[in-house]
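*Asks:* Okay, predicted coordinates and the sequence, questions at the end:
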There are 2 protein chains.
Amino acid sequence: MAERTSEGAEPPIRDGRTPVGSGPVAEALCVGDELLSGDTVNKNAAFLGVRARSLGVPLVRVVTVRDRVEEIVEAARAAADRCDVLLVSGGLGPTTDDLTTEALAAAARVPLVRDDAALARLAEKFRRFARSMPVANHKQADFPQGADILANPIGSAEGFAVALGRATAFSMPGVPRELERMMIEQVEPRVRARFGLAAVRRRVYRVLGIGESALAEKIEPLVLSRRAHSPGLAALFLHYRAAMPEVLVVLEATPDRDGHAASDDELAAFDGPFAEALAPGLYGIGEADLATRTIDALRRAGLRIAFAESCTGGLAAATIAAVPGASDVLDGGVVAYDNRIKHAVLGVPRDVLEQHGAVSEPVARALAEGVRRVLGSDLGVGITGIAGPGGGSPEKPVGTVHIAVADAEITRHLRLQLRGDRGTVQRAAALWSLKLAWDRLGARGLAGVVALEPIPRE
Amino acid sequence: MAERTSEGAEPPIRDGRTPVGSGPVAEALCVGDELLSGDTVNKNAAFLGVRARSLGVPLVRVVTVRDRVEEIVEAARAAADRCDVLLVSGGLGPTTDDLTTEALAAAARVPLVRDDAALARLAEKFRRFARSMPVANHKQADFPQGADILANPIGSAEGFAVALGRATAFSMPGVPRELERMMIEQVEPRVRARFGLAAVRRRVYRVLGIGESALAEKIEPLVLSRRAHSPGLAALFLHYRAAMPEVLVVLEATPDRDGHAASDDELAAFDGPFAEALAPGLYGIGEADLATRTIDALRRAGLRIAFAESCTGGLAAATIAAVPGASDVLDGGVVAYDNRIKHAVLGVPRDVLEQHGAVSEPVARALAEGVRRVLGSDLGVGITGIAGPGGGSPEKPVGTVHIAVADAEITRHLRLQLRGDRGTVQRAAALWSLKLAWDRLGARGLAGVVALEPIPRE
C-alpha cells in the first residue's frame, strides 16, 4: 500500500519514503507471541516510527518475533548489522516467557548481572503499592553487563541500552504507555546526544474533506515553486496522514546531505499560501485536533454547546467529552434516535418529519434549534443521516447526512454524502458536525487557523 | 509484553505461544514506507495472525520493509527459507513505488509476464466506474511467470501465489478490506488444500470485569482436570484477548502431533463449568459482542432502552447505535454533562445533587429513572462518574463511576472504581452500563449465556 511519489528531474517531494541521506537509521525488534497470534495490534511500531522519524533516525525495518531466546538473538544480531539504533519492545516482564534481557545479553556476548540498586528500586515500587515482591520479579533487576539502565517511573520493568554490532540496542517494555514514556524521556536524549542530531522541525496542517490526491495537487506546486529560495528548502518533505474525512499534511524540515534544513520561519511562511489553497477545508495548524480546537474557541468566547444526534447516537457529544476540560463548554445533548424523541423532547414538528423525512435539511435545522432551546445552550448542533448498511433509497442513499448548527443569529446547514461502512459514516458525520460549529465560530471571528498546541491530555 | 505460561510436567495450557508441533508455519512480509513512518498502524499483521492461527499454520514472524526492491527481495528470500506460507501485504498498486510484484519475481528468479485476461478484467473494472484506465495501471496485470492469480473483486490489485524457496508466497494488496477478503476467499482454501488442514475449532467465552490472571486461576484447573479424558483434549489450548474491562477466553482445539483435536462437543462440554466458575462476569459464548447481545435480547423481548450519560458523554448510546439494527431497540438518550441538564431535563432533584454530589448512587438512580420516564422507554440506564484527569478527591478518586439500570419494577445500581486514562475510564463505564442492563435482562429470564453468532455487520 504505497503512497504515490512524484518522479522526475525534481527530487521527490511527497515522502512516505525515508530520505536517502547518509544519516543513521533505526530498526525495531518487537518481541511477543501475542503480536503474532493477532491478540494484540502492534501500535508500538507505529509510535516508534513517528518518533524515530522526527528524531532524524528513520525507522527502516520492523521485525516481530516470538518469545524464544534463539529467535530474538538471531533477529537482534541481524538487525544490529544493518542499523545504528535498534529499538526493542517487549519481553521485560517477570514471567518465564519474558526473555528479551537474556537474549540481548547473549546477542551482545556479555553475562547477565544483577543490579542491586535496581533491585532496591523494584522493592520500593512494590512497597508503595503495599504488595510483597514475588521472587519471580527479581530477574527484572538483571541486565547485560555494561548496560545503561533506562528508568521506568510507571512500571516494574526498567529498560536498558547495550552496544550490539554497529548499533546501540534500546530495550523497552511492551506496555504502550511505559514504552512511550521511556522512548521520549530516556531513549531520545541518548540518541540525539550520540548522533548530534537536532530535532526535525515539522508543521502540521489539519484538513477536513479534501482527499489526499486533491490535497497534493493544491499544495505540491506551492512547495516546489519555493524550493529554489533557500538551501534548507531543498530537503523539505511532505507527507500525509489520512483518517478520512480528515487528512493531516505534515511539512517536514528534513536536513539535506549538507545538513541544511528549513527554519521555523521558512516553514511558517507556508501558512498563508496553504490556508488560501486549502480553504475551507483547513481548520488548523499544529498538533491540536478539531475537538480540542473547538473547545478552546468556545472557552475563549465564553460559549456553551449542545448536540442533538440521530444517526451518530451520541458520538459527536462523546468526541467533545473525550477531551479533558470539556465541562467548560459542553452542556450535553439529546440522542434522538427514535423519531418520537425528535418530536417529544426536541420539538421537531410531526408534519416536518412526515413531509421531509427524518433525514432532511428541515429536520437537521429543527434538531439544532431544538436542542439549543431545550438545553439553554449558546450553540446547538443537529445531526441526522443514514449510517447504513440498511435504510438507504435512491433519493437518500446510505451515507446521506444532514447537519446543522444554530446560534442566536442563524442556523447553518450542510448536506453530506459520506462513504464507508456504518462506523466510518458515524465517525465522519460526528467530525463534520464539529467542523460546521468551528466554521460558524470562525465566521463570527471566534476561531481561526492558528498554530495551536494541544491542551495536554492525561 | 509476554503472557504468562504454566511450566512444568504438564504440557503448557495457556498459550499466547504457537504450538511446538511439527506442522507448517507462516511468516508475514509487510511492504510499505507508511508502516515505517508510523503514518499507518499495521492492523493487517494482527488480522493475518488471527487467520493463520485458526488455519493451523501459526504466524511465527512478521517483517516490515520499505518500498525498495532490494529490501523486499532479501526479506522474502530469508523468510522463504524459514517458513511454509509467506503472507505478503502491500505494494501491488499502480504507482512507481509499488514494487512487490517485481521484487517477488526477482526473489523467485522468474520474469514478469503480462496477463492479457487480467488486463481485460482491469479495463472492465475501470469501465464499470466510467473512468478511463491510466497507463500506470497496466503494470497491475504483470505477474511472476507461473504465478497463480488471486481474484480481487473489490479493488484493482489482483494478488498472486508463487513458489519461493520452501514456501509458497501469497501476495495481497495492503488495503485492509481487500487483503481480508483475499486472505479468506483465495489464500485460505489454497493453504488448507495444500497442507490437508482442517480448520481449528474454537470456542470464545466473553467476560467482563475479571482480570486475566484471576480468570486463569478459575478455569485452567478445569481444563487440566479434563485433559486425561480424550486424546484430543491433550492439545487443547487457552488464550486470552484482553481489552479491559473485557477479556475474551479462547479455547482452541489445536491438533496434537498425531492429528487428534477436541471435537465441538468436547469444547461445548466446558460451557457449564466455565459459566459456574466465571459467574457473574461471563456474559456470553461465541463471537457476538456485548452490544450485539444486548440488542438481540431486547429485540426478542420487545423492549426499548434509553441512556442518561454524564461522564461518558454519549458513548454508551453510541456503542449501541454502532450496531446495525439498533433502531429496533434504541429510543435514544440524554447527555446530561452539565448538572443543570440533569435537573432541568431529567428531573434529578437539586437537593440530591447538592447533598450527594453529581457522582453518587442517588444521582445514578435518578438519571436512569429520569431518562426512562422522559423518553418513555422500557429500560433506562444512568451513568455518572469522574473520568479524569482532574476532578478527583480522596472520597471520590478519578475512576469512581456510578451506574444504574431502571425498569418498571426495580432500579439496580453498581459502583465501579475504574483505572486508566480518561478514554479508558469512559469506554469501561459505557461497557459496564451495558453489562448491568444485560444482567437485569438475565435476571428477568430475557438474556442468557448462550452461544450466539454475531448479526452480520456491513
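*Replies:* Ah, there it is. Keep in mind the model is a prediction, meaning the values are calculated, not measured.
*Asks:* any bit of the strand or helix carrying A:Asn44 sitting next to chain B?
*Replies:* Using DSSP states H and E, A:Asn44 maps to helix A:43-55. Yes. Helix A:43-55 comes into contact with chain B (C-beta under 8 Å from any C-beta of the partner chain), by way of A:Lys43, A:Ala45, A:Ala46, A:Phe47, A:Leu48, A:Gly49, A:Val50, A:Arg51, A:Ala52, A:Arg53. Glycine gets a C-beta too; all of them are placed from N, C-alpha and C.
*Asks:* any idea how far A:Ala136 lies from A:Glu287?
*Replies:* 40 Å (C-beta to C-beta, to the nearest Å).
*Asks:* scratch that, A:Glu70
*Replies:* Taken as C-beta to C-beta, the span from A:Glu70 to A:Glu287 is 42 Å.
*Asks:* next one: A:Ser263
*Replies:* Distance, A:Ser263 to A:Glu287, by C-beta to C-beta: 19 Å.
*Asks:* what's the average pLDDT for stretch A:303-320?
*Replies:* Stretch A:303-320 carries an average pLDDT of 98.
*Asks:* now swap in stretch A:442-458 and tell me
*Replies:* For stretch A:442-458, the per-residue pLDDT averages 72.
*Asks:* again with stretch A:114-130
*Replies:* 92.
*Asks:* That stretch: how far from the chain's middle?
*Replies:* 34 Å (C-alpha atoms, centre = their mean, to the nearest Å).
*Asks:* Give me the angle between whatever helix or strand comes next after the helix holding A:Asn44 and helix B:43-55.
*Replies:* Using DSSP H and E, the helix or strand that follows helix A:43-55 in sequence is strand A:59-65. Interaxial angle, strand A:59-65 versus helix B:43-55 (axes from the mean of the first three to the mean of the last three C-alpha atoms, to 10 degrees): 20 degrees.
*Asks:* Could you list every helix and strand that the following helix or strand past strand A:59-65 packs against?
*Replies:* Later in the chain than strand A:59-65, the nearest helix or strand by DSSP H and E is helix A:69-82. Judged by 3 or more C-beta pairs under 8 Å, 6 or more residues apart in numbering or on different chains; DSSP states H and E, helix A:69-82 is in contact with strand A:26-31, strand A:59-65, strand A:85-89, helix A:100-108, strand A:159-164, strand A:167-172, strand B:59-65.
*Asks:* Starting from the first one, tell me which strands it pairs with and how they run.
*Replies:* Pairing partners of strand A:26-31, with direction, according to DSSP bridges: strand A:59-65 (parallel), strand A:85-89 (parallel).
*Asks:* Single out the most deeply packed of those.
*Replies:* Stretch with highest mean neighbour count among the strands paired with strand A:26-31: strand A:85-89 (a mean of 29; mean count of other C-beta atoms under 10 Å in any protein chain shown).
*Asks:* CA-only coordinates of it, as CSV, when you get a sec.
*Replies:* In CSV, the C-alpha atoms belonging to strand A:85-89 read as follows (Å, rounded to 0.1, in the frame of the first residue of the first chain):
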residue,chain,number,x,y,z
VAL,A,85,19.7,2.4,16.6
LEU,A,86,17.8,-0.8,17.5
LEU,A,87,14.6,-0.2,19.3
VAL,A,88,13.4,-3.3,21.1
SER,A,89,10.0,-3.7,22.7
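*Asks:* Run the angle between it and helix A:100-108 for me.
*Replies:* Going by the same axes, to 10 degrees, strand A:85-89 makes 150 degrees with helix A:100-108.
*Asks:* where's A:Arg194 relative to A:Arg53, distance?
*Replies:* As defined by C-beta to C-beta, A:Arg194 lies at a distance of 17 Å from A:Arg53.
*Asks:* what does the stretch 101-250 of chain A put close to chain B?
*Replies:* Counting by C-beta under 8 Å from any C-beta, the stretch 101-250 of chain A comes close to chain B at A:Pro173, A:Gly174, A:Val175, A:His239, A:Tyr240, A:Arg241.
*Asks:* Out of those, who's the most crowded?
*Replies:* Comparing those by number of neighbours (other C-beta atoms under 10 Å in any protein chain shown), A:Pro173 comes first, having 28 neighbours.
*Asks:* what residues does stretch A:354-369 touch?
*Replies:* Applying C-beta atoms under 8 Å, 6 or more residues apart in numbering or on different chains, the contact partners of stretch A:354-369 are A:308, A:310-311, A:336, A:339, A:342, A:346-349, A:352-353, A:380-386, A:396, A:400-406, A:411, A:413, A:415.
*Asks:* And those residues, which of them are buried?
*Replies:* Using 16 or more other C-beta atoms under 10 Å in any protein chain shown as the burial test, the contacts of stretch A:354-369 include A:308, A:310-311, A:336, A:339, A:342, A:346, A:348, A:352-353, A:380-386, A:396, A:400-406, A:411, A:413 as buried.
*Asks:* Give me the neighbour count for A:Pro389.
*Replies:* By the criterion of other C-beta under 10 Å, A:Pro389 has 15 neighbours.
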